[in-house]
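# When you get a sec, could you give me coordinates for this:
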Amino acid sequence: MKLSHLVSIACISFTVAHSRWACPEPRSSSTGIKSGPCGSDYNVFDGSTMEVSPGSLTVTFEESIHHTGAPFRISLSSDGSDDDPCVLLDHIPHNDCCIPLMPFPSTYTQYSITINIPNVNCERCSLHLSNPMTDKIGNDGAPSGIGCTDPGSCFSVYHSCTIPFKIVGDAGAVERADYTCPDIESYNKDWPTVWEGDNMQDVDASTPGVYRRESSDWDSEYNTLATAPAQFREAAGGLCSGGEPPVAQVSKTPDPTKQPTNPPTLVTPNPTTKQPTDAPITLLVTTDSPSKQPTPKPATESPSMLPVTNQPTTNPTTIMPTSGAGSETSSPSVSVQFTAPSTASPTTSDEQTTASTTSSPTSPSDPLNVSAASTEPQSLISAAAQSKYVNKSYLLALCTIARMLLL
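Numbering: from 1, shown residues only. The predicted model follows:
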């Protein structure tokens with residue numbers, strides 16, 4: 001056999017598969033059935049049946065080849081017959097998100113939708129899935145087009161049917177043979193009637209059995225229709241996995257406005273965590289008469305030579321220029337208190353000291369306690385800048401001091 005023949009066969013095999021039921025289980029594993037409603041398995045209701053109850057039931061189906069805007073329809077068969085089905089949900093929009101690969105089922109686009117099973121008694125019922133290929137009808141499938149009908153003018157439609165199941169109705173149930181199919185619009189009165197068509201334009205989806213290219217957004221986590229009301233998304237029935245957890249079971253993020261706030265007091269950190277706590281910066285500046293000029297005293301230790309340590313401190317920091325002892329004129333008195341961020345044991349308000357006009361001895365555990373004998377503001381800034389604990393707020397305060405000393 002020639003290679004071209006093999007390629008042709010592979011291409012034909014690839015293009016005949018499209019959609020099928022996932023849960024309930026399909027009668028046929030084929031995704032390429034084009035003779036409705038069930039292909040060669042028409043009216044085959046053999047085998048044991050599972051049992052379902054009337055009301056909400058989550059079901060799942062899958063698509064093996066992408067067809068942009070091709071919608072879906074779900075119907076309920078008669079009891080033991082695929083004839084005269086009742087439409088349960090129409091105009092289910094397509095999910096245009098993905099490009100599945102037919103040879104690889106793990107890539108198939110998954111759909112999960114919750115339908116409403118009528119209150120009937122049925123010994124052997126089945127669900128029918130119809131998928132008209134509106135991507136093949138050209139301008140008729142556009143938002144302004146006439147669409148196609150199924151059954152009718154939609155010339156390419158794919159089908160799948162589930163294995164039979166038993167519906168056990170309540171005391172008010174009727175036999176499936178006596179059940180009159182409801183008006184689909186009133187049966188799903190909250191179901192949207194407008195979807196997204198070509199070029200993201202609105203497309204009418206209000207007429208049962210008339211289809212155009214209809215798409216919408218589907219949730220990537222639960223495979224549910226994100227734009228549908230909650231009753232069509234929430235998991236129900238317990239037959240199939242899928243659907244979203246009921247709203248009451250979804251953990252919601254508390255309202256930020258209702259979160260407790262920290263009181264405006266110092267909070268003692270856990271010593272084992274050593275979390276730094278930023279304390280307020282207190283700046284206290286006092287000056288004498290500006291007419292008095294200071295008499296500088298020779299510095300015994302340059303501020304730039306003061307020891308610098310990487311150890312954090314919990315003591316207040318005082319930076320104060322002093323005048324010479326016995327001087328006839330007094331200098332402006334400047335006192336600044338900083339409470340540095342603490343990474344060691346927590347401090348309390350009793351351990352904080354107030355601003356003082358006397359200097360404190362310098363120690364390795366207190367790198368910012370600088371007693372400057374010189375009145376040169378540049379020296380003060382240079383000394384303070386050696387510590388890695390001096391941030392922009394500290395430098396701003398030092399610049400303020402320097403400006404006052406220069407006045």
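# CA only for contacts and neighbour counts going forward, please
Will do.
# so where's the stretch 101-250 of the chain uncertain?
Scanning the stretch 101-250 of the chain for pLDDT under 70 picks out 247-250.
# Residue 43: how many residues sit nearby?
Per other C-alpha atoms under 10 Å, the neighbour tally for residue 43 reads 17.
# do the same with residue 102
Around residue 102 there are 21 residues (other C-alpha under 10 Å).
# for residue 235, same thing?
Neighbourhood size, residue 235 [other C-alpha under 10 Å]: 25.
# Residue 70 touches residue 216, doesn't it?
No. Counting by C-alpha atoms under 8 Å, residue 216 is not a contact partner of residue 70; they are 11.0 Å apart.
# Find the residues that touch each one of these two.
Counting by C-alpha atoms under 8 Å, 6 or more residues apart in numbering, the common neighbours of residue 70 and residue 216 are 93, 94.
# Neighbour count: the two, which is higher?
Set side by side, residue 70 and residue 216 show more neighbours around residue 70, with 25 against 20, by other C-alpha under 10 Å.
# what's the domain layout of this structure?
16-248, 278-288+315-320+367-407 (automatic domain parsing).
# ranking these by burial, who's on top?
Sort the domains of the chain by mean neighbour count, taking mean count of other C-alpha atoms under 10 Å, and domain 16-248 sits at the top with a mean of 19.
# Quick one: classify residue 106 as helix, strand or coil.
What DSSP: H, G, I helix; E, B strand; the rest coil gives for residue 106 is helix.
# roughly how far apart are it and residue 65?
Residue 106 sits at a distance of 12 Å from residue 65 (criterion: C-alpha to C-alpha, to the nearest Å).
# repeat for residue 172
Applying C-alpha to C-alpha to residue 172 and residue 65 gives a distance of 43 Å.
# now residue 58
Taking C-alpha to C-alpha, one finds residue 58 at 23 Å from residue 65.
# repeat for residue 235
Separation of residue 235 from residue 65 (C-alpha to C-alpha): 26 Å.
# can you give me the helices in the stretch 101-250 of the chain?
In the stretch 101-250 of the chain, helices defined by DSSP state H, counting those that start in this stretch lie at 184-187, listed in chain order.
# Assess the claim that residue 75 and residue 82 are in contact.
No. At 10.0 Å, residue 75 does not count as touching residue 82 under the criterion of C-alpha under 8 Å.
# who touches residue 33 in this structure?
Taking C-alpha under 8 Å, 6+ apart, we find residue 33 in contact with 17, 39, 158, 159, 160.
# Quick check: bridge partners of it?
In this entry, residue 33 is beta-bridged to residue 159, by DSSP bridges.
# what's the distance between it and residue 77?
Distance of residue 33 to residue 77, computed by C-alpha to C-alpha: 17 Å.
# now residue 54
As for residue 54, its distance to residue 77 is 15 Å (criterion: C-alpha to C-alpha).
# Residue 207 now?
In this view, residue 207 and residue 77 are 21 Å apart by C-alpha to C-alpha.
# and if you look at residue 168?
As judged by C-alpha to C-alpha, residue 168 and residue 77 stand 15 Å apart.
# Also residue 187?
According to C-alpha to C-alpha, residue 187 and residue 77 sit 17 Å apart.
# is the nearest residue to residue 237 once chain neighbours are set aside in a bridge, and if so with what?
Using C-alpha to C-alpha, 6 or more residues apart in numbering and skipping the chain neighbours, the partner closest in space to residue 237 is residue 57 (4.5 Å). Beta bridges link residue 57 to residue 115 when assigned by DSSP bridges.
# my guess is residue 57 contacts residue 115, does it?
Yes. With contact defined as C-alpha under 8 Å, residue 57 reaches residue 115; the gap is 5.4 Å.
# Who are the contact partners of residue 59?
22, 23, 24, 112, 113, 114, 115, 239, 240, 242.
# can we see that at 10 Å?
Under the criterion of C-alpha atoms under 10 Å, 6 or more residues apart in numbering, the neighbours of residue 59 are 21-25, 111-115, 127, 235-243.
# same question, residue 31
Residue 31 touches 16-21, 62-65, 102, 158-160, counting by C-alpha under 10 Å, 6+ apart.
# closest to residue 145 among the contacts of residue 33?
residue 158 (21.7 Å; C-alpha to C-alpha).
# Quick one: the strands in the stretch 51-200 of the chain, in order.
55-63, 72-78, 81-92, 109-117, 120-125, 127-132, 148-149, 157-161, 165-167, 174-175, 194-196 (DSSP state E, counting those that start in this stretch).
# Just tell me which of these ends up closest to residue 29.
Residue 29 lies closest to strand 157-161 among the strands of the stretch 51-200 of the chain, at 8.8 Å (C-alpha to C-alpha).
# What is the closest one packed up against?
Under the contact criterion of 3 or more C-alpha pairs under 10 Å, 6 or more residues apart in numbering; DSSP states H and E, the helices and strands touching strand 157-161 comprise strand 19-23, strand 72-78, strand 127-132.
# Reformat these as JSON lines; add distance to residue 222.
Listed next are the helices and strands packed on strand 157-161 as JSON lines, based on distance: least, C-alpha to C-alpha, whole Å:
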{"stretch": "strand 19-23", "distance to residue 222": "15"}
{"stretch": "strand 72-78", "distance to residue 222": "18"}
{"stretch": "strand 127-132", "distance to residue 222": "20"}
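# out of those strands, nearest to residue 98?
Residue 98 sits nearest to strand 19-23 of all the helices and strands packed on strand 157-161, at 13.8 Å, using C-alpha to C-alpha.
# Parallel or antiparallel, which strands does that closest one pair with?
When pairing is defined by DSSP bridges, strand 19-23 lines up against strand 55-63 (antiparallel).
# Cool, thanks, signing off.
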